[in-house]
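A.B. asks: coordinates only, sequence not included:
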């Protein structure tokens, strides 16, 4: 039982770091001057947080939900703009002509600088999206929404829109995802008068219990700027947050389990969750410059690792994500603390054939080869 749990953990983390959430259900509905959005975040990591960042230097105030306060999975800004992500199969093929590559997180840039869905579309059309193995649903307080895929933008028609774990532009067969999609679709279609209570029922009917359980859920009232927070698919208890009220407190964060009391199921899950202690060593005598450069993932070329050295520290930027410091465990093995991943460099006699392998608990998930 323990071995199978760890295997699920490894698979889940490998998908998460490069592909967005392992599973997710997102839906928006509008009725009678009400704009509501719901999302279930299904994954194996119970370390879930919400963090608030004040407006500054041309950035809107915003709240993010996710893991370890460094990799947002969803959120809302002070203008009533929402986003959340779903993992979808990686697509190698029908990409548009390459555009400018944004060296960071487009989702975060959107929440920092966009006031509505139209702004988001203009932003995403500007940059290359070929690395994306996720789709993003954005919605605004005017009731507009859009699903952004690698090479397709799907604008909401009617009074609701749903995103789960398949590319809707491709009509891909994915029964696991379709079950959740069809459930949400039938419930949104059956009711004309949406409410917080009704959206809570949709969250309940589409949540996951096993393998990749629903770690947290949110309901957003985009007009009022209110967020309802649920922990580990327990919809009987919640915490309601007001975005403007939280932003007045300055930059801060909460662990979601500090806001909502965990159920017995949640506490049992925490006892199962596996963690490992790593021993960090000094960078002082390491040849970090040897590893700097750009690496391309062997099985999916749009995903690249950019390795850089700054002030004696090593950093790795993954396509579509922000830059993270990595900490040495040995001469050639480094830990990305925020995501609990290790990166092992494999220098070759032929400099151009250098490799990186990414792993969790010693099991290799991906490898990449130097291209620069």
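C.D. replies: On my side now, so go ahead. Worth saying up front: this structure is predicted, and the values here are computed from it rather than measured.

A.B. asks: my read: residue 77 touches residue 61, true?
C.D. replies: Yes: contact status for residue 77 versus residue 61: in contact at 6.6 Å, counting by C-beta atoms under 8 Å. Any C-beta I mention is one placed from the backbone N, CA and C, and that applies to glycine too.

A.B. asks: who's more crowded, these two?
C.D. replies: Relative neighbour count places residue 77 above the other of residue 77 and residue 61, with 26 against 21, counting by other C-beta atoms under 10 Å.

A.B. asks: confidence score at the more buried one?
C.D. replies: Looking at residue 77, its pLDDT stands at 98.

A.B. asks: list the backbone torsions phi and psi for it.
C.D. replies: When read as degrees, to the nearest 10, the backbone of residue 77 gives phi -110, psi 180.

A.B. asks: specify the beta-bridge partners of it.
C.D. replies: When bridges are assigned using DSSP bridges, the partners listed for residue 77 are residue 62.

A.B. asks: could you check how far residue 237 is from residue 261?
C.D. replies: Distance, residue 237 to residue 261, using C-beta to C-beta, to the nearest Å: 6 Å.

A.B. asks: find the residues that touch each one of the two.
C.D. replies: residue 231 (C-beta atoms under 8 Å, 6 or more residues apart in numbering).

A.B. asks: tell me, how many neighbours does residue 313 end up with?
C.D. replies: The local packing of residue 313 (other C-beta under 10 Å) involves 13 other residues.

A.B. asks: how close does it get to residue 103?
C.D. replies: 18 Å.

A.B. asks: which residue is the nearest non-sequential neighbour of residue 78?
C.D. replies: If the residues on either side of it in the chain are set aside, residue 78 comes closest to residue 61, at 4.2 Å by C-beta to C-beta, 6 or more residues apart in numbering.

A.B. asks: again, but for residue 38
C.D. replies: residue 199 (4.7 Å).

A.B. asks: got a list of what the one you found touches?
C.D. replies: Counting by C-beta under 8 Å, 6+ apart, the residues that residue 199 touches are 27, 29, 36, 38, 219.

A.B. asks: okay, and it sits in which element?
C.D. replies: helix 196-206 (DSSP states H and E).

A.B. asks: tell me the mean pLDDT for that helix?
C.D. replies: Average pLDDT, helix 196-206: 98.

A.B. asks: and the helix or strand following that helix, how far from the chain's centre?
C.D. replies: Reading on from helix 196-206 to the C-terminus, the next helix or strand found by DSSP H and E is strand 214-221. From the chain centre to the centre of strand 214-221 is a distance of 14 Å (C-alpha atoms, centre = their mean, to the nearest Å).

A.B. asks: residues in a beta bridge with residue 153, which ones?
C.D. replies: Here residue 153 shows beta-bridge partners residue 148, assigned using DSSP bridges.

A.B. asks: change the start of the numbering to 576 and stick with it
C.D. replies: Yes, from this point I'll number from 576; that puts the last item at residue 728.

A.B. asks: report the contact partners of it.
C.D. replies: Contacts for residue 728 (C-beta under 8 Å, 6+ apart) come out as 696, 699, 700, 721, 722.

A.B. asks: same deal with residue 923?
C.D. replies: The neighbours of residue 923, taking C-beta under 8 Å, 6+ apart as the test, are 929, 930.

A.B. asks: quick check: it vs residue 865, distance?
C.D. replies: Here residue 923 is placed at a distance of 11 Å from residue 865 (C-beta to C-beta).

A.B. asks: before we move on, what about residue 640?
C.D. replies: Looking at residue 640 against residue 865, where the rule is C-beta to C-beta, the gap reads 38 Å.

A.B. asks: before we move on, what about residue 878?
C.D. replies: Shown here: residue 878 relative to residue 865, a distance of 22 Å by C-beta to C-beta.

A.B. asks: between those two, point out the one with more neighbours.
C.D. replies: For the pair residue 878 and residue 865, the greater number of neighbours falls to residue 878 (23 against 15), based on other C-beta under 10 Å.
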